[in-house]
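1. got a predicted model here, sequence first, then my questions.
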Amino acid sequence: MTMPRGARGLFAPERVAVVGATEREGSIGRAIMENLESFAGDVVPINPKRDEVFGIAAYSDIGAVPDPVDMAVVVVPPHIAVDAVRNLAENGVKNVVVITAGFGETGSEGAAREHELQEIASEYDLNLVGPNSLGVMSTPVDMNGSFGPEDALPGSMSFMSQSGAFITAVLDWANDQDIGFKDIVSLGNKAVLDETDFIEIWNEDGDTDVILGYLEGIENGREFIDTARDVTEDTPIVLVKSGRTDAGAQAASSHTGTIAGSERAYEAGLDQAGVLRAENVEELFDYARILDGQPVPDGDDVAVITNAGGPGVMATDAIGDSDLNMASFTEETVERLGETMPDEANIYNPVDVIGDADNERFKKALDIVLEDENVSSAVVISCPTAVIEYEGLADDIAEVQQKHGNPVVASLMGGERVEVPADTLRDHGIPNYFDPARAVRSLDALATYRDITELDYEPPIEFDVDRDRAEEILRSVENRDTNRLGVEAMELLDAYGIPTPAGDIVDTPTKAREVAEGIDGGVVMKIVSPDILHKSDIGGVKVGVEDEDVEDAFEDLVTRARNYQPDATILGVQVQEMVDLDSGTETILGMNRDPQFGPLMLFGLGGIFVEILEDTTVRVAPVSERESEEMIDEIQSAPLLRGARGRDPVDEDAVVESVQRLSQLVTDFPAILELDINPLVATPDGVQAVDIRLTVDPDQL
Ligand code: ADP
Ligand code: MG
């Protein structure tokens, strides 16, 4: 995918051709023509069988059109659509929206057609939307180049959707809610332009303030992350991601593969991209609206003002559940509230102006709390009473919000009586919700967006490593009948600077003893076989073996392996230095490849119970130092690493460095399909990787 050049022509064309324009009842060609009736530019129908369509002169072919066309909508049947697109391209049309279905979504013949579209697009540098798209819309030029039943209202959010039907549903609802859009695109099969292109296009568009998306998948996760990070500096991106994909998911033979599913990859990837992820459509538009209408708060401290106790508690609870805090007022604020409010009022947060409050009292209270330097935002809650008048209150809230410039959300509760005041608030960019908790969640999203814009994305550190040696070890799978490697590949970690205990793999009891004698104290002995995935499960690991017992232990380990699987390939026995587990914590550090996001790093509590405890976190690699630190912070057992119950804290820097070094390894070698270091023992004196397992695709070396 390349950066779409001049893709603005998709949304702001002067002349739009409709290839397959017709008046035939019930046809898509007719629906598009009807929808384009209000278009500010020219519409050029293309149809060899007609002289005109809806009174507009039609052309038999794009080549016959005298003036240049900057965008074309293609609705002809699939078997001629590819030729139609080529014809457009040859005649200099750069922006093409392919509505026609019957491509990649229908099987191999369709997939071949889609591939042809891609080739034409790349040859002629086309901005191609679809195929299988509902179309595009752009309100500043009154363009509805879709076959949906409704036009969009003007606005400053731009919306992309992988489902065309969903756009029609959203429009119907949004029109009802007075929610407007700048551009809308139905992505269809994303043969050429995908979500990454549109966030780039809208980032450059001064009229798009918020980018919204409904996605079922992301084409190229890493590219999306890198682009989105850049875009979210100025333009928030809010996405609903639905559909759990297992496309391409390999049968996992690692812990990491089992634990890190694609849903977790999305979670991590979208988070790393700086995208606000909405759980559902309601949240999508809640977040969009507040991001569109309100400034970001300069802190997390919220003031709540209410005329009713219950809803005030709901807001307080919701703040407790969020990343926001209840603001604690300065003495001055408390004093001023005390002077202005009746004795029965609560002048501490949440401020209860009580049931007999009129508009004036509400307004004063809001004005006083927003004056407070300890308050960054406010939630105004009101239940209908005989003395409160919602329409005036809406004006007051808007006025005070504008005076102070802090974000405010409202929860004027009620039914019909709220309609007009809610409109007033909306005109001032202030969202109103029946549910105070929903108001708080929107504020929370706004604060999260502020955090996103404040993040610095530093590049991953490049460590000095022995790449050739690593490649050599990975290549050792080439002369094997399996693509799995175990502890015999320990040196891979040494090559990338991840510490491993001293040791060796030997094939006789005598050599085992020799190695053990060269190591201080007892040793650990492990069976080494590509056929045995979990060594301790079959009694294939012996810990604390004294020198004089080493030979017997060797025989014993081999016998156990043979009993377990008579034809197992046994490469030998590993004799390894003991790591002090008492002062350390067993962690897991691993990677598996996600079909969309690529290498996904996993870190968590390790050892033999890893899949039972499931205390892990994931990030898309390559990871920066900060992202690696976050991984340690995020696991529930972080306090264990930091010296809970009188233990010495482990060397956290060494853990963070190992995460980054492994990230570099798996980024350097796409041939590593999955990898587990389990355990990576973290101690106060550093880390030791005592076990490794990986799967290699030799074709990618
Ligand atoms: P597997 O995961 O295949 O069973 P490991 O090599 O991870 O084999 O060993 C299993 C467990 O044995 C580890 O989780 C750890 O508790 C312990 N162990 C392994 N190697 C060492 C070592 N060098 N020092 C101390 N304990 C070890
Ligand atoms: Mg292990």
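-> On my side now, so go ahead. Here the structure is a predicted model, which is why all the values come from computation and not from measurement. Ligands and ions are numbered 1, 2, ... in the order given.
2. switch to C-alpha atoms for all contacts and neighbour counts from now on
-> Will do.
3. what about D537, how many neighbours?
-> 10 (other Cα atoms under 10 Å).
4. could you report the neighbour count for E371?
-> 15.
5. mind checking pLDDT for it?
-> pLDDT, E371: 97.
6. hmm, it is touching K403, no?
-> No - when contacts are counted by Cα atoms under 8 Å, E371 is not listed as touching K403 (9.7 Å).
7. now do the contacts for P698.
-> 474-475, 477-478, 483, 671 (Cα atoms under 8 Å, 6 or more residues apart in numbering).
8. biggest separation within those residues, which pair?
-> For these, the farthest-apart pair by Cα to Cα is E478 and A671; their separation is 12.0 Å.
9. and these two? Which one has more around it.
-> Neighbour tally, E478 and A671, criterion other Cα under 10 Å: the higher count belongs to A671, 18 against 15.
10. and the more buried one, how far is that from ligand 1?
-> Per Cα to the nearest ligand atom, to the nearest Å, A671 is found 22 Å from ligand 1.
11. for that residue, give me its contacts.
-> Here A671 is in contact with 696-701 (Cα under 8 Å, 6+ apart).
12. try 6 Å this time
-> Contacts of A671 were listed using Cα atoms under 6 Å, 6 or more residues apart in numbering, and they are 696-697, 700-701.
13. nearest residue to R229 in space, please, no chain neighbours.
-> In space, and not counting its chain neighbours, R229 is closest to A273: 5.1 Å by Cα to Cα, 6 or more residues apart in numbering.
14. for that neighbour, what are phi and psi?
-> Main-chain torsions, A273, degrees, to the nearest 10: phi -80, psi -10.
15. ok, it touching D230?
-> No - when contacts are counted by Cα atoms under 6 Å, A273 is not listed as touching D230 (8.7 Å).
16. sketch out the low-pLDDT regions of this protein for me.
-> For the chain, applying pLDDT under 70 flags the ranges 1-8, 243-261.
17. could you export the contacts of P698 as JSON lines, including secondary structure?
-> Below are the contacts of P698 laid out as JSON lines (DSSP: H, G, I helix; E, B strand; the rest coil):
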{"residue": "L474", "secondary structure": "helix"}
{"residue": "R475", "secondary structure": "helix"}
{"residue": "V477", "secondary structure": "helix"}
{"residue": "E478", "secondary structure": "helix"}
{"residue": "N483", "secondary structure": "coil"}
{"residue": "A671", "secondary structure": "coil"}
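18. now, among these, which is nearest to ligand 1?
-> Distance to ligand 1 across the contacts of P698 (Cα to the nearest ligand atom) is lowest for N483, with 16.9 Å.
19. ok, that closest one - contacts?
-> If a contact means Cα under 6 Å, 6+ apart, then N483 has 477, 695-696 as its contacts.
20. what residues does the chain have near ligand 1?
-> Residues of the chain lying close to ligand 1 by Cα under 6 Å from any ligand atom are 524, 534-536, 541, 576-579, 581, 607-608, 678-679, 690-691.
21. go with 8 Å
-> Within reach of ligand 1 by Cα under 8 Å from any ligand atom, the chain has these residues: 487, 501, 523-526, 532-537, 540-544, 576-581, 586, 606-608, 678-679, 690-692.
22. and those residues, which of them are buried?
-> Buried by 16 or more other Cα atoms under 10 Å: 487, 501, 523-526, 532-533, 535, 540-542, 544, 576-579, 586, 606-607, 678-679, 690-692, out of these.
23. the residues you listed in strands, which ones?
-> Among those, DSSP state E puts 523-526, 541-542, 544, 576-577, 586, 678-679, 692 in strands.
24. can I get these in a markdown table with distance to M71?
-> A markdown table is the format used below for those (distance: Cα to Cα, whole Å):
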| residue | distance to M71 |
| --- | --- |
| V523 | 72 |
| V524 | 70 |
| M525 | 70 |
| K526 | 67 |
| V541 | 67 |
| K542 | 71 |
| G544 | 74 |
| Q576 | 68 |
| E577 | 69 |
| E586 | 60 |
| N678 | 56 |
| P679 | 58 |
| I692 | 55 |
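25. which members of the residues you listed are the farthest-apart pair?
-> Farthest-apart pair in these is G544 and I692; separation 19.6 Å (Cα to Cα).
26. what ranges does the stretch 151-300 of the chain have for its helices?
-> Assigned by DSSP state H, counting those that start in this stretch, the helices in the stretch 151-300 of the chain fall at 164-176, 195-203, 221-231, 255-259, 262-272, 281-293.
27. and the contacts of A671 as TSV, adding secondary structure?
-> What follows is those, written out as TSV (three-state DSSP):
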residue	secondary structure
V696	strand
D697	coil
Q700	helix
L701	coil
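28. now do the end-to-end distance for stretch 184-192.
-> In stretch 184-192, first residue to last residue: 17 Å (Cα to Cα, to the nearest Å).
29. ugh, wrong one, I meant stretch 629-641
-> Using Cα to Cα, the end-to-end distance of stretch 629-641 comes out at 13 Å.
30. centre of the chain to that stretch, how far?
-> Mean-position distance between stretch 629-641 and its chain equals 21 Å (Cα atoms, centre = their mean, to the nearest Å).
31. same check on stretch 653-663?
-> In this view, stretch 653-663 has its centroid 23 Å away from the chain centroid, taken as Cα atoms, centre = their mean.
32. same question, stretch 295-304
-> How far stretch 295-304 lies from its chain's middle: 25 Å, per Cα atoms, centre = their mean.
33. quick one, what contacts the residue of the stretch 51-200 of the chain found nearest ligand 1?
-> For the stretch 51-200 of the chain, the residue closest to ligand 1 is T196, as judged by Cα to the nearest ligand atom, at 40.2 Å. Taking Cα under 6 Å, 6+ apart, we find T196 in contact with F224.
34. and if you look at T22?
-> By Cα under 6 Å, 6+ apart, the neighbours of T22 are 29-30, 53.
35. returning to that earlier point: and the residue nearest to R229, what is it in contact with?
-> Applying Cα under 6 Å, 6+ apart to A273 gives the contacts 225, 228-229.
36. and P459, how many neighbours?
-> Using other Cα under 10 Å, P459 has 11 neighbouring residues.
37. actually, D372.
-> 18.
38. please renumber so the chain begins at 10
-> Sure thing, new numbering starts at 10, so read that last one as D381.
39. angles on the backbone of it, please.
-> Per-residue torsions, D381: phi -70, psi 130 (degrees, to the nearest 10).
40. quick one: it and G655, what's the gap?
-> To G655, D381 is 42 Å away according to Cα to Cα.
41. then P440?
-> The spacing between P440 and G655, counted by Cα to Cα, is 50 Å.
42. got the buried residues for stretch 117-135?
-> Under the neighbour-count criterion of 16+ other Cα under 10 Å, stretch 117-135 has 119-120, 122-127, 129-130, 133-135 buried.
43. ugh, wrong one, stretch 566-576
-> Buried residues in stretch 566-576, counted by 16+ other Cα under 10 Å: 566-567, 570.
44. so which of those sit within helices?
-> Counting by DSSP state H, the part of the buried residues of stretch 566-576 found in helices is 566-567, 570.
45. now the strands for the stretch 510-659 of the chain?
-> All strands of the stretch 510-659 of the chain, identified by DSSP state E, counting those that start in this stretch, fall at 512-515, 532-537, 550-554, 581-586, 594-603, 607-614, 625-629.
46. mind putting these into TSV with distance to N289?
-> Compiled in TSV, these are given as follows (distance: least, Cα to Cα, whole Å):
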stretch	distance to N289
strand 512-515	53
strand 532-537	49
strand 550-554	48
strand 581-586	52
strand 594-603	24
strand 607-614	25
strand 625-629	23
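47. compare those and report which one is nearest to G113.
-> strand 594-603 (21.7 Å).
48. quickly run through the sheet partners of that closest one, with directions.
-> On the basis of DSSP bridges, the sheet neighbours of strand 594-603 come out as strand 607-614 (antiparallel), strand 681-692 (antiparallel).
49. just the angle between the first one and helix 230-240, please?
-> Put plainly, it is strand 607-614. 80 degrees (axes from the mean of the first three to the mean of the last three Cα atoms, to 10 degrees).
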